[in-house]
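K.L.:
With the input below, show me the fold.
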Amino acid sequence: MTTLQPEQKVQPVRRNMRHIRPARRGDQDIPVRTADKNSPMKQSAGNKHPSENHTRDVVDGQMNHELTKARYRSPDLADLMFGDLVTTSLARDILERFLADGTVICKEVKSKEGEETRHALQAAYADAVAHACLRSDAPSDETSESETKYHWSWTKFPSTPINENKLVVFLNSVADHALSAARSILGDNSLKPRNRFAVPPMNKKHGIPLSYEPDGEDMRPDFIVLPLVAFTDDEEPKVNEAYVNFTAILLAGESKSARNARDGLTQVQRYMRGIKRAQPWLRFATGMAVGKDFVALLRGDCSGIERTELSLTDGRGCIEFIRIVLGIVLADKQEFGHNRDVEIGEKDVSVDIPESRSASTPNTGTSLVNSDSASQSVVPPIFSGSAPELETSCSTSSGFPNTDPLSRTTSSKSRTTSTGSKRGPDDEMKHGRKAKSRKRTVTLRAFIPVRVHDRECMGILFTSGSIRGRGTTVYVVVAADDGKTYLALKTSWQDVTRAEEQAAVLKRLSDHGPHPNVIIPSRLFDPMAKDGRVDSTLGSIRALLDDEMRQLQVENRVLTVTMSDLRRPVAYFWSPHDFVRGVVGALLGHQYLCEIGILHRDISENNIVLSLCRGGLGALIDFDMAIVGRPNMHKDPPPPPSIPKKQILASLLQPSSPLPMNDKPYKAQRTGTTPYMSIGVLRGEPHTHYDDIESFLYVLVLFFLSYKGPLQKEALRKARAQGFIQQVGAGRLPHVTSWPDMFKRWASGSHAEISESYPHICSRWESRSQSTAPALADLILDCWMMFSRHDLKVAHSQFIKLLQEWLTQYAGDESNYVYPFDD
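P.N.:
Modelled structure (predicted):
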């Protein structure tokens, strides 16, 4: 860390709780259903399936859900982040020099003669100290004074509308000027910049590759901060565009000509999410919004977002602006949230970037495509076709009537083509035309993890990063004992209120020993230990004391790290039978958990893994949401249905109702991954093992809608050799396809008629063989009829028996697929 005053020790710091307030005004907080309030399902912009809709409007809406009651205005944020680099008094002295040389102008509103500059600077400093963190060396006799009689301005601030290039020139000029002044004031010429502001390329179709976003979404910030290595060593440094990608970005920013800072905050939040997804090892992400007369600094950790908004027309805003800009330039990667236990290397990555959707599409600098591609998509998805729409409603014999009139139509959001006509996302396929997509290959310099917690890292297996939430990331690491075996190292930010429950779950798993269908993790260290290794969002990141944490309406999260055996993710299945055997094994694992008194509560595609051996059964992983219950809970008789299913489905579509105002931390009362949640859990009813078994049904249905067949043999062999890691910049896997429009609502907790999946499954799988599609349709139909007959209360043995019978009946069809691995 660069320290501007190395002769002084870092003073004890406390947050200034007098001024930290929930960011209510202007922020759209979305109420969610809790145990006593029937309002919409809470959503999250993290842990999204690649087949879900990831367009801009969807992601922004989900982030509003995710950040409900988790955004705070923190006037002392700049001091907390950069106070050890740029003290308030140093920023005041730099501002004094700016006043002297005309960089900043201060005038008294009433135009009185006298020492207006000196009085204005004193008032600005007093106000800055009053809003900063509480330090033991802070002046005790200075108080905040009103600055209404002074008007401050920056002479070279770009005029409106703000030009991005001129803004970056201005920011770099302020940084260079402030650094020169700091060297003179401190008498220290050794101070060196580490970072610099830059403007990304002007290609908003996919301006910054490796953003892990669809091509139709504008993920190009107006300005970014990159490490100095990304710039040429010239008198006027120029950015090397190979470094302009989300793995290298330290800060993303948006400029707005309007006076209202909130106009750019939603976009900045989306960029911060992009940083977290590309750099999941970060403890927090940083963003910035600059507009006419204002600047906003944002920092997002897994508990939410803190931000400070400053006016550039008052003295305190000018002092804090200097601290922010100079602090950004001097900060090392830890100040931007880098985890010290993750060592980063650089790697050249070739990425294909689509240039245009069609030959006639004009280059307007904005996207015309409302893409439904995946969260890690760089190349737009092209699949073999979309199933024909159903002309009549499906039979209600399943007991699951369709209550959504929109589920049989295409998406209500159409896109405008270059000719001005309206088309739905699948229209080109329906008319037998493929969208044209010219591509160019660019080479980018990506930052990748090479060592994680002292273990060699092969890459990232899985990341669900957004801003708020667990932020689960799984790395593939090499075992320390033999240097050959691959292991899964998982990091996640767990709610501290779950720490005791999670410890009890792991202890019970350990006490009962291993099971072939359950992957039991082991902790690398106790996350609640008192030995200095605790890394929490409200403690070590936000520097809050216990009594101060209780004043916030957000959860405190602690970083946990576990290790487990590496198995094959379901995306790397080699036949439909291979996946079904995986579900059978996971059901056996779930049955064992119920026998020993553990309820999993988070059944999803990501938590089922396949065997590494031919013909082997799958297993169940991830116990982050598991709880300890009664042994043999699965032997309890199913409760009688209390509410008709039609009424249940109708209630899921009820409009939102406001949450009660209270000082308790905001938390949803349900657990699980939304598309796979049972109907009862969506309603806020108590979670039972029957809900988990129902989730297995939705995993089965959505799996065959998410993939159009297995990967090619060589691709599967290569993936296994590399530990199934994500290829940086490669986008979503080529066999992944988007969900039909009627099933996209599953992501927000509304279930369509499952029988309507048959034609879509057939259209995706009929090219594999003449028998595969009918076999899969029979499987889905048999499963759903079983759940319908038993009012969704199906036993493990019933589900397992049905799947095994299907495997036996259609065993011959597996010969249409080639087993790719060498056991």
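K.L.:
For this structure, which helix or strand comes out least confident on mean pLDDT?
P.N.:
strand 415-416 (a mean of 32; mean pLDDT, DSSP states H and E).
K.L.:
how about the strands of the stretch 1-150 of the chain, start to end?
P.N.:
13-14, 21-22, 71-73, 104-108, 134-135, 150-154 (DSSP state E, counting those that start in this stretch).
K.L.:
Going by contacts, tell me the helices and strands next to the top helix by length along the chain.
P.N.:
With secondary structure taken from DSSP state H, the chain has its longest helix at helix 164-186. Where contact means 3 or more CB pairs under 8 Å, 6 or more residues apart in numbering; DSSP states H and E, helix 164-186 is packed against helix 88-101, strand 195-198, strand 223-227, helix 315-330. For every residue, glycine as well, the C-beta is placed using N, CA and C.
K.L.:
Show me what it is in contact with.
P.N.:
4-5, 86, 90, 93-94, 97-98, 103, 154, 156-158, 188-189, 191, 193, 196-199, 222-223, 255, 290, 321-322, 325-326, 328-330 (CB atoms under 8 Å, 6 or more residues apart in numbering).
K.L.:
Can you go through those and name the buried ones?
P.N.:
Buried subset of the contacts of helix 164-186 (neighbour count, 16 or more other CB atoms under 10 Å): 4, 86, 90, 93-94, 97-98, 103, 154, 157-158, 191, 193, 196-199, 222-223, 255, 290, 321-322, 325-326, 328-330.
K.L.:
thinking again about what came up before, out of the strands of the stretch 1-150 of the chain, flag the one nearest residue 305.
P.N.:
Closest approach to residue 305 among the strands of the stretch 1-150 of the chain is made by strand 71-73 (4.8 Å; CB to CB).
K.L.:
which residues does the residue most central in space within the chain contact?
P.N.:
Nearest to the mean C-alpha position of the chain, by CA atoms, centre = their mean, lies residue 466 at 1.5 Å. Applying CB under 8 Å, 6+ apart, one finds that residue 466 lies in contact with 44, 45, 46, 47, 63, 66, 273, 276, 277.
K.L.:
What's the separation between residue 632 and residue 78?
P.N.:
Remark: distance between residue 632 and residue 78 (CB to CB, to the nearest Å) = 56 Å.
K.L.:
Comparing the two, which residue is more hemmed in?
P.N.:
Higher neighbour count among residue 632 and residue 78: residue 78, with 30 against 11, using other CB atoms under 10 Å.
K.L.:
wait, the more buried one sits on residue 298?
P.N.:
No. Counting by CB atoms under 8 Å, residue 78 sits too far from residue 298 to count as a contact (11.1 Å).
K.L.:
Restrict the helix or strand hosting residue 502 to CA atoms and write it as PDB.
P.N.:
In this structure, residue 502 sits in helix 499-512 according to DSSP states H and E. What follows is helix 499-512, C-alpha atoms only, in PDB (Å, rounded to 0.1, in the frame of the first residue of the first chain):
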ATOM      1  CA  ALA A 499     -22.800 -20.100  10.900                       C
ATOM      2  CA  GLU A 500     -23.900 -22.300  13.800                       C
ATOM      3  CA  GLU A 501     -26.500 -24.200  11.700                       C
ATOM      4  CA  GLN A 502     -23.900 -24.800   8.900                       C
ATOM      5  CA  ALA A 503     -21.400 -26.100  11.500                       C
ATOM      6  CA  ALA A 504     -24.000 -28.400  12.900                       C
ATOM      7  CA  VAL A 505     -24.800 -29.800   9.400                       C
ATOM      8  CA  LEU A 506     -21.100 -30.400   8.600                       C
ATOM      9  CA  LYS A 507     -20.600 -32.100  12.000                       C
ATOM     10  CA  ARG A 508     -23.500 -34.400  11.500                       C
ATOM     11  CA  LEU A 509     -22.200 -35.300   8.000                       C
ATOM     12  CA  SER A 510     -18.800 -36.000   9.500                       C
ATOM     13  CA  ASP A 511     -20.200 -38.100  12.400                       C
ATOM     14  CA  HIS A 512     -22.100 -40.400  10.000                       C
END
